[in-house]
Every structure is written in structure tokens, then in C-alpha cells.
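Colleague: Okay, here's the prediction I keep looking at, along with the sequence it came from:
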Amino acid sequence: MRCSILLAVLVWQALPVFSAEAQTTHPAVQAARSITAVDVARRIGVIADDSMLGRDTPSRGLELTAEYVAAQFRRFGLQTSIQRYPITRRRLEPEQSRVVFSAGGRADSASFANAARYQAGMVPEQPIRSRALLVGGAQTTETVGRLDVRDKVVLFVPPAKPDPEALQQVLRVLLYSETQALVILTEVDSAAFAASLPRRQPERTVVGSSRGRPAIIQVRVGAVKNTLTAAGVDLASIRNQSAPVARDIPQLQVGIEMKETVTSSLMAPNTVGILEGSDSRLKNEYVVFSAHMDHIGITRGQRDSINNGADDDASGTVGVIELAEAFSQPGARPKRSLIFVTVSGEEKGLWGSEYFASNPPVPMKQMVAGINMDMIGRNWPDTIVAIGKEHSDLGATLNRVNAAHPELRMTAIDDRWPEERFYFRSDHYNFARKGVPILFFFNGVHEDYHEVTDSPEKINSEKQARILKLLFYLGQEVANAPKRPEWNPESYKEIVE
């Protein structure tokens, strides 16, 4: 439905956005016209071509894609780089790994061969020797969040009758803390514990360095009980406490020695382009546009074995390229700087975005907003889902911009599938958990999702071009606004580390 002339004037006066109907000669409107269905289709044809062999992480096709994106960024005049991150496969050596408890002249050792189990987190590169902080009782996310765990090993004593969901949330807070390691004390008997250990330690994938979240280790109480007694620790009392328990045990020292073997080492790319802002002050703040350029590679044993990934996510990758081109047009450069990034490893577990967020080209606190695109070329011709609207005032900004551009015939709607938790399943999440408000644009899955039939000819490039114009105007609004976007306080508490 078209706005009346009076309504269009009122919208224009109330909002610092660009109406293509009211301001057809504005430089930003002219720049938006560089986003065309023809360009979208052509670029998706390049990235989702059979020659890219499905863009697995890592692969030659992925490298070619990264170079193609970088060449486009350079052509637009962006500061361009390819960020490479290591991917190693590692295996723990249990016979050479142990946890040692020492107190009162006594030492007990729990071997990973029979009395200790590695569960998650990063294996420490060097042996750990640390004093212990005993945590147990009726802990909540709030109580453990207030603990000073820096440079300590946390000994966690689960309650006698735990609430599984609440317990997981408490452990998650501890995992994201700055503790050296999280050791969970379990009362399982020796035979049952030994039977639960894998006969052969599985290989695990490490992205980047081995530094990061602390190791989570289970230790069988029976293996270290005498030392705990010597340190004055009464586990039965702690398990049944109705109040939170947290106390330093200076007489108890915990040592952790973990040995692992690197079985393979490869590298993968992220492509980054930066457009400097036009304002001398605000150019030190950044709006990020992101998408993943990888896909799932080749499915062996089929006549057509190449997973082209045209919608997932050549569409988003091309979206980043098209927006970079539009923002680099004369008169379209906003006050804040812009970062355009196409990451890899999304299909393997958000590898590239996690590495980028941990090794950013500028401090994360200077990134004021993120706009992520993953699958934006299929399904409804007049609708795109914007996930994350409720978590910050970016949702209200998007609604205003969307209302100001009826000529785009595109409506950004709320998350239709909250039960699928898509907010936590694409690259934007690694920005959000570092404190960057985000919006995630997504058209939903379809019958060709992760199939060899996700091919370029099925993309609705005309629809995608209209979505990208909407995101261009949204980017202009956010990047030129006097204030940076603000989180919903409850969402910040839930999402940000």
C-alpha cells in the first residue's frame, strides 16, 4: 500500500531515513540503485558454481571464494585483508594426563585413564598449579556470576538433587569465566566411571590457539578423597546445603597436566573489507555486515555430488558484496565506519566468526551493531525474517526504516520459529555474546536445504535485491545515528558473556 503524500512527508520529517519516493536524487538512494537483480544473480552464479566444489572448510573452492570476495572489496576501494585461522585435529593422551590434589603433605592423583574425564573447553598448553575455590550448594547463575574465580581452579560439587537445566546454566556461567579450569567432583564408583570412559580418545577440532574457555574435567571423588579430607572438605555436607557455598581452600593445591597429540593442521580464510566513516569522531565506531561463504562440500556416491549452496549461503555472501559496493558509491559513505566480513567454517560450528570475534581488526567494544545474512534468496517474495528484533532497539530502527520504504515491497517480520533457536545458530551469535547488538536476516529453510539441489537458478535475485536495499537503508540509519544501538537489559543479561 502506497503512503499518501501527507503521510510520506510526516515520515520523512520524523525519521532520519531515506525515502526513495520522496528523495529520488539523494546520493544514498542513487547508491542503493547499484544493487540489482542482475548483479545478485551473476555473483551467486560465480560463488555457487560447480567449480567451487561446495566450498567446504577448508578446501580449494573456499580459498577461491575468499579471493573472489577480496577482489571485489579491493575494486570498491575497501581496506581489504584475508584473515587466516588454524584448524588442528588433536587427541588427548590419557596415560600421560592427570589431576593431582595436594594437602597436608598428602597427594592423590586421578589419571585420565581411569579416574578423570575431559569434557569440554581448551586443553591447557602448560601444567596448571593453582589454589582451589570450592563451589557448591544451591548455586544460581547470579550467585556464581559474582564469584572471584580469576586464576583459580574451581572445584564444583553438584547438589544432591540437582535441577538439570539450572545446573547447566550455572556451569555455563563458570565456563565463560576466567577460571583456570573447572573440575566437577563426581561420586560415581570406580567401575562405573571406568566403564564410561572411551576406549580410545576421540579426535577433537581446535580453531585458533589452544587458549580460550577453561577445560571442564570430571574427577571421581574416590580417587582424591583422602586429600580432600586432609584439606577439611566435607563433600556430603556441601551437596545437601540449601544455600550457596563458595570458599577458598588455601591448604588445597590442584595440579592439572594434560598431554595431547596434534594429528593434522590446516588453515581457513575469513575475508574482511573496511570502509572508513566520514565523521572524524564516529569513524572510530563500526557497523558490521557479515555472512558465511562456506558450505558443506561434496556428497559422495551421487550422480550430482556438488552441494552448490546457492541460498546457503552464497546469497548472504553476495549480499555483503552488494552492500559493500553500494556504501562505497559517491556520497553514500556514512559517518561510522563499516566492516564487511565473509567468514568460513559456519557449517562446522561457527568457526570463522568465533575466530574473528576473538581476533577482531578493531576492538569489539567499538562495533556498535551487526547485520548478518544467512539464506536470503528463496521462499516468500515479499517477506524476510529478522531474528533478534526483540533483543535491542535495532528492532525498532528496522521497523521505522521498513515503514519509510514501501516502494521496496519487502516486510521484515519477527522470528517465526523461536523454538528452533536460530538466534544461537549462525555467525551473528559470536558477535552478540561479545556485546554487539545484532539483527539476523533469514528466509527460512526449504526442501533444498543442505542438498545438491540448492542451485543458483532457484534464487529469486529480484527479491534478494529488494532485501539488500532495505539493509542498505538500515545500515545508513544505524551508521549515521547520533547514538549507538542499545541492548534490551534482560537480553543483555541472557546473551552477553
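Modeller: Thanks, I have it.
Colleague: Could you measure from the residue nearest to L282 when sequence neighbours are not counted over to L275?
Modeller: Leaving aside its sequence neighbours, L282 sits nearest to K335 (CB to CB, 6 or more residues apart in numbering; 4.3 Å). Where you see a C-beta, it was placed from the backbone N, CA and C, and this is true even at glycine. With distances taken as CB to CB, to the nearest Å, K335 is found 12 Å from L275.
Colleague: the more surrounded of those two?
Modeller: Between K335 and L275, counted using other CB atoms under 10 Å, the more crowded position is L275 (26 against 17).
Colleague: Tell me which helix or strand comes right after the longest helix seen in the chain.
Modeller: Determined from DSSP state H, the single longest helix within the chain is helix 461-480. On the C-terminal side of helix 461-480, the closest following helix or strand by DSSP states H and E is helix 489-495.
Colleague: average model confidence for that next one?
Modeller: Per-residue pLDDT over helix 489-495 has a mean of 91.
Colleague: All the strands of the stretch 151-300 of the chain, residue numbers only.
Modeller: Counting by DSSP state E, counting those that start in this stretch, residue ranges of the strands within the stretch 151-300 of the chain are 153-157, 181-186, 204-207, 215-220, 244-257, 260-275, 286-292.
Colleague: Tell me who's in contact with the residue of the chain positioned farthest from its centre.
Modeller: Of all residues in the chain, G105 has its C-alpha farthest from the mean position, at 45.7 Å, by CA atoms, centre = their mean. Residues in contact with G105 (CB atoms under 8 Å, 6 or more residues apart in numbering) are A230.
Colleague: Could you tell me the phi and psi values at it?
Modeller: Backbone geometry at G105, expressed as degrees, to the nearest 10, gives phi 80, psi 10.
Colleague: now do A48
Modeller: According to degrees, to the nearest 10, A48 has phi -100, psi 20.
Colleague: hang on, it packs against E457?
Modeller: No - between A48 and E457 there is no contact under CB atoms under 8 Å: 9.8 Å.
Colleague: and the two? which has more neighbours close in?
Modeller: Of the pair A48 and E457, A48 is the one with more neighbours under other CB under 10 Å, namely 31 against 9.
Colleague: how far away is that one from H295?
Modeller: Taking CB to CB, one finds A48 at 8 Å from H295.
Colleague: shared neighbours of these two, anything?
Modeller: Common contacts of A48 and H295 (CB under 8 Å, 6+ apart): N308, G309, A314.
Colleague: so R84, which of the three states?
Modeller: Per DSSP: H, G, I helix; E, B strand; the rest coil, the local secondary structure of R84 is strand.
Colleague: Leaving out chain neighbours, which residue sits closest to it?
Modeller: Nearest to R84 is M267, by CB to CB, 6+ apart, at 4.8 Å.
Colleague: so how far is P27 from the one you found?
Modeller: Taking CB to CB, one finds M267 at 40 Å from P27.
Colleague: Of these two, which one has the most company?
Modeller: Each of M267 and P27 has its neighbours counted (other CB under 10 Å); P27 has more, 14 against 10.
Colleague: I'd guessed that one sits against A332; true?
Modeller: Yes - counting by CB under 8 Å, A332 is a contact partner of P27 at 5.7 Å.
Colleague: can you tell me which of the shared contacts of A48 and H295 lies nearest to V144?
Modeller: Distances from V144 to the shared contacts of A48 and H295, taken as CB to CB, are shortest for G309 (40.7 Å).
Colleague: can you pull out the helices in the stretch 101-250 of the chain?
Modeller: 141-145, 164-175, 190-196, 221-230, 235-239 (DSSP state H, counting those that start in this stretch).
Colleague: The stretch 301-450 of the chain now?
Modeller: 315-327, 346-349, 351-358, 394-403, 428-432.
Colleague: got CSV for those helices, with distance to V170, mean neighbour count and mean pLDDT too?
Modeller: Below are the helices of the stretch 301-450 of the chain laid out as CSV (distance: least, CB to CB, whole Å; neighbours: other CB atoms under 10 Å; pLDDT from 0 to 100):
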stretch, distance to V170, mean neighbour count, mean pLDDT
helix 315-327, 35, 28, 98
helix 346-349, 24, 19, 94
helix 351-358, 23, 24, 95
helix 394-403, 30, 19, 97
helix 428-432, 21, 25, 95
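Colleague: tell me what whatever helix or strand A71 lives in is packed against?
Modeller: Element membership of A71, judged by DSSP H and E, is helix 60-75. When contacts are defined as 3 or more CB pairs under 8 Å, 6 or more residues apart in numbering; DSSP states H and E, helix 60-75 sits against helix 37-47, strand 79-92, strand 260-275, helix 315-327, strand 337-343.
Colleague: which parts of it are buried?
Modeller: G61, L62, E63, L64, T65, A66, Y68, V69, A70, Q72, F73 (16 or more other CB atoms under 10 Å).
Colleague: Same check on stretch 253-272?
Modeller: In terms of neighbour count (16+ other CB under 10 Å), stretch 253-272 has its buried residues at Q253, V254, G255, I256, E257, M258, E260, A268, P269, N270, T271, V272.
Colleague: what about the fifth one, distance to K458?
Modeller: Read it as E257. With CB to CB as the criterion, E257 and K458 are 54 Å apart.
Colleague: correct me, but I384 touches A412?
Modeller: Yes - look at I384 against A412 with CB under 8 Å: they come within range, at 5.4 Å.
Colleague: what touches both of those two?
Modeller: Shared contacts of I384 and A412, counting by CB under 8 Å, 6+ apart, come down to F441, L470.
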